[in-house]
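Participant: build me a model:
(one chain, ligands or ions: 1)
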Amino acid sequence: MTTMTAAHLAAYNLTLDLPLFLQGERTATSWFSTLVGAAFDPPKREFRRVLDGITFRVEEGDRIGIVGRNGAGKSTLLRVLTGAYQPTQGWIEESGTKQALLNISLGFNGEATVRENIFLRGTAMGLRTAQLRDLMEPVMEFAELREKANHRLKTLSSGQRMRLGFSIATAIQHDIMVMDEWIGAGDAGFIKKARERMRSRVNGAKIVILASHNFGLMKDVCNKGLLLERGKVMHAGPILETLKVYEDLLKTTAASNVEDAEAGGG
Ligand SMILES: Nc1ncnc2c1ncn2[C@@H]1O[C@H](COP(=O)(O)OP(=O)(O)OP(=O)(O)O)[C@@H](O)[C@H]1O
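Facilitator: Below you'll find the predicted structure:
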């Protein structure tokens, strides 16, 4: 009998400070002063708290939707969860294989061929050589790039690169999926195929963590929600309840913006 550990992910007190490079106010009056200004007025470095004491736990079966206004910290939280950023404080505990679906067309080697890039990306994803050999053809097939197998990646269009990135990232089923909006990879024909694959990967995953501004998608996919505001958890709960709190937040901030404008405009 095999014993299997249930997939889970828990974040404790995740805090991230990022350096911010602030440039002093400059008024360029000529190209000469612009050059002198750029050379003798280097930006000042300050640290900014982008995530602040984020704690939550996701159990097997959960589909958690991360919502919040622009700049609330959603993408940064996903980057910490996928290991792209090391938190300044706090830690993550998890069990299960994890795949990120963020920036899928980044990180290719332009000088290497399509085939070589599949190999490189697959290796970085932790796939074994035998597994990669089996996946090579299906990945190129799905991306519709079979005839470009030996072309250098830099000769591909941006849509073709996106298709390749999507095809590799979704080639195998993982336990935990961390992603932002559904990816609109390529032309209409490809998008339809990509949606179907995405749906099957989401259904097959044990845990999904999705950041989006799309309420319909959130209601469709998620059972739980996490509302971020200025890098902190403002609300955590069932998805419908979280979206309601978020809607109220949007209304109050819109109302206060109107009041600010009225007060300022006279
Ligand atoms: N590399 C960085 N250096 C400094 N500050 C950053 C960096 N990346 C993001 N930030 C800041 O962190 C905050 C959160 O950004 P983030 O991209 O996580 O927001 P978001 O909730 O995903 O927003 P959106 O809905 O607009 O995508 C923002 O104020 C942003 O300016």
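
Participant: switch to C-alpha atoms for all contacts and neighbour counts from now on
Facilitator: Noted.

Participant: around the ligand, pick out the residues from the chain.
Facilitator: The chain comes close to the ligand at residues 18-20, 50, 68-76, as judged by C-alpha under 6 Å from any ligand atom.

Participant: just the pLDDT for Glu25.
Facilitator: Per-residue pLDDT puts Glu25 at 70.

Participant: for the helix or strand of the chain at the bottom of the mean pLDDT ranking, the distance to its chain's centre please.
Facilitator: Within the chain, no helix or strand scores below helix 31-40, which has a mean of 74 by mean pLDDT, DSSP states H and E. Offset of helix 31-40 from its chain centre (C-alpha atoms, centre = their mean, to the nearest Å): 37 Å.

Participant: list the buried ones in it?
Facilitator: Using 16 or more other C-alpha atoms under 10 Å as the burial criterion, none of the residues of helix 31-40 qualify.

Participant: check the gap between Ile66 and Glu144 for me.
Facilitator: Using C-alpha to C-alpha, to the nearest Å, Ile66 is found at 32 Å from Glu144.

Participant: tell me which of these two has more neighbours.
Facilitator: More crowded of Ile66 and Glu144, by other C-alpha atoms under 10 Å: Ile66, with 28 against 15.

Participant: so where does that one fall, helix or strand?
Facilitator: Ile66 belongs to strand 63-68 when assigned by DSSP states H and E.

Participant: quick one: the helix or strand that that strand is followed by to strand 63-68, angle?
Facilitator: Once the chain leaves strand 63-68, the next helix or strand it forms, by DSSP H and E, is helix 74-81. Following axes from the mean of the first three to the mean of the last three C-alpha atoms, to 10 degrees, one obtains 130 degrees for the angle between helix 74-81 and strand 63-68.

Participant: okay, the residues of the chain next to the ligand in JSON lines with pLDDT next?
Facilitator: Shown next, in JSON lines, are the residues of the chain next to the ligand (pLDDT from 0 to 100):
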{"residue": "Leu18", "pLDDT": "93"}
{"residue": "Pro19", "pLDDT": "88"}
{"residue": "Leu20", "pLDDT": "83"}
{"residue": "Val50", "pLDDT": "96"}
{"residue": "Gly68", "pLDDT": "96"}
{"residue": "Arg69", "pLDDT": "95"}
{"residue": "Asn70", "pLDDT": "93"}
{"residue": "Gly71", "pLDDT": "93"}
{"residue": "Ala72", "pLDDT": "95"}
{"residue": "Gly73", "pLDDT": "95"}
{"residue": "Lys74", "pLDDT": "95"}
{"residue": "Ser75", "pLDDT": "92"}
{"residue": "Thr76", "pLDDT": "94"}
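
Participant: and the most centrally placed residue in the chain, what does it touch?
Facilitator: Central residue of the chain (C-alpha atoms, centre = their mean): Leu102, 4.0 Å from the mean position. For Leu102, the contact set (C-alpha atoms under 8 Å, 6 or more residues apart in numbering) comprises 178-180.

Participant: what about the closest residue to His151 other than its chain neighbours, distance to the ligand?
Facilitator: In space, and not counting its chain neighbours, His151 is closest to Thr113: 5.1 Å by C-alpha to C-alpha, 6 or more residues apart in numbering. Between Thr113 and the ligand the computed distance is 30 Å (C-alpha to the nearest ligand atom, to the nearest Å).

Participant: not counting sequence-adjacent ones, nearest residue to Thr242?
Facilitator: Nearest non-adjacent residue to Thr242, counting by C-alpha to C-alpha, 6+ apart: Gly225, 5.5 Å away.

Participant: looking at this, that neighbour is in a strand?
Facilitator: Yes: counting by DSSP: H, G, I helix; E, B strand; the rest coil, Gly225 is found in a strand.

Participant: what is it paired to in the beta sheet?
Facilitator: Note on Gly225: beta-bridge partners by DSSP bridges are Gly65, Gly237.
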